[in-house]
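Q: sequence plus the predicted model coming up.
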Amino acid sequence: MTLTTLSARGRSLDLTRPKIMGILNVTPDSFSDGGKYVGVDAALRHAEDMVKHGAAIIDVGGESTRPGADPVTTAQELERVVPVVAAIAQNLDVMVSVDTSSPEVMTAATEAGAHIWNDIRALSRPGAIATAARLEVAVCLMHMQGDPKTMQVKPTYDDVVLEVKDFLQERARACEAAGIPAERIILDPGFGFGKSVADNYQLLNHLSEFSLEQRYFLLSALSRKSMIGAATGQPVAAERVTGSVAAAFFSFEHGAHLVRVHDVKETYEALQVYEALCQYQ
Ligand code: YH5
C-alpha cells in the first residue's frame, strides 16, 4: 500500500505529487539569509511570501546546524521558535514543521500550532519518540553521522547507502513501535550531515530507496548545500539557487514527496514543469 496523504493535528497534505517545504531560519546567525528573519513580524512576512509562491509547509528552525556551529540552549530555542510558530499558525493556511531535537521545544511549538517535528537527530533525545507519539505530530527522521560540531571532520562509511538505509529503518521501526503510524513518518538521508561530496551524490543517486519500499514519505533537503557548490564551483551559498533547483527536479523525479528549500518561487516553477510532465503521459 503506497501512502498518499500526510495528516497530523487536523491538517492534511496530498503527497501524490511532491510538495515544497520552505525554510524559515530564526537564528540570529543564519548564514543563508543573512539572519534577516529573527523578528516575529519579519519572519511572518517571509513565511507569507513562501506560501504565496507555493510552499505547502513552513519549516521553522532556531538551532544553527551548519557544520561547526555551537549548540543552542533550550531557552534560546523556545524564545526564537514558539512566537514565530504561533504567528504562522494563526495567520497562514499552511502546515508548520519545527526543526528541533528538543522534546520541550516541540511540545511548546505544538501547543502554538505546529504539525510536524523535523529532527536532524531522528528523535534520539530522551523522551523524544514518546513525546512525538503523544502529541500526534508527523515526524521527519534524518540520518546524520556524528554531530554538527564535528560531523564534517572525517566522515567514513563502508557502504553509505546501506548504512543510511539501515539507520532510517531502525528509527522508523522505533517510532512505529511507540505508536506513530507509518503515514506520519517522513525519512530523509540527511545530505551534508557527516558526508563527503561523493557520499552525498551516491545517496542522491539512490534517493528513491530511502522511502524503504514506499512504506514512508521521503524528504530531500539539498538546498544551497555545499554538495551543490562542489558541482557548480560556487562557494557562496546564496549563489547556489540554480544548482539547487536542478537537484530538486531530480528529487521530484526520483521519489521525493517533499523538498526542503530556501528558494520557494524558483523551486515551485520546476515543480510545475514536473507536474506538466506527469500530466501528459
Ligand atoms: C536536512 O538536510 N538541514 S539545517 C548548509 C548549507 C545550506 C543549508 C552550506 N535542517 C536539514 O539547511 N532538516 C537542516 O550550505 C534539515 N534535512 C532536514 N530534515 C542545514 C541546512 C543547510 C546547511
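A: Thanks, I have the structure now. Numbering: from 1, shown residues only.
Q: where along the stretch 151-281 of the chain do the helices fall?
A: Under the criterion DSSP state H, counting those that start in this stretch, helices of the stretch 151-281 of the chain are mapped to 160-177, 197-205, 226-232, 241-253, 264-279.
Q: give me the nearest residue to the residue of the chain at minimum distance from the ligand, chain neighbours excluded.
A: Proximity to the ligand, evaluated over the chain using C-beta to the nearest ligand atom, is greatest for Ala221 at 3.2 Å. In short, each C-beta sits where N, CA and C put it, glycine included. The spatially closest residue to Ala221, leaving aside those adjacent along the chain, is Arg260, at 3.9 Å (C-beta to C-beta, 6 or more residues apart in numbering).
Q: residues touching the one you found, list them.
A: 21, 23, 59, 219-221, 223 (C-beta atoms under 8 Å, 6 or more residues apart in numbering).
Q: so what's the residue count around the closest residue to Asp199 other than its chain neighbours?
A: When the adjacent residues along the chain are set aside, Asp199 lies closest to Val160, with 4.6 Å between them (C-beta to C-beta, 6+ apart). Here the number of neighbours of Val160 (other C-beta atoms under 10 Å) works out to 22.
Q: which ones are touching Val160?
A: With the criterion set at C-beta under 8 Å, 6+ apart, Val160 makes contact with 195, 199, 202-203.
Q: thinking again about what came up before, so what's the residue nearest to Ala221 bridging to?
A: Arg260 has the following beta-bridge partners by DSSP bridges: Met21.
Q: picking up where we left off before, to Met144, which of the helices of the stretch 151-281 of the chain lies closest?
A: Checking those against Met144 by C-beta to C-beta gives helix 160-177 as the closest, at 9.0 Å.
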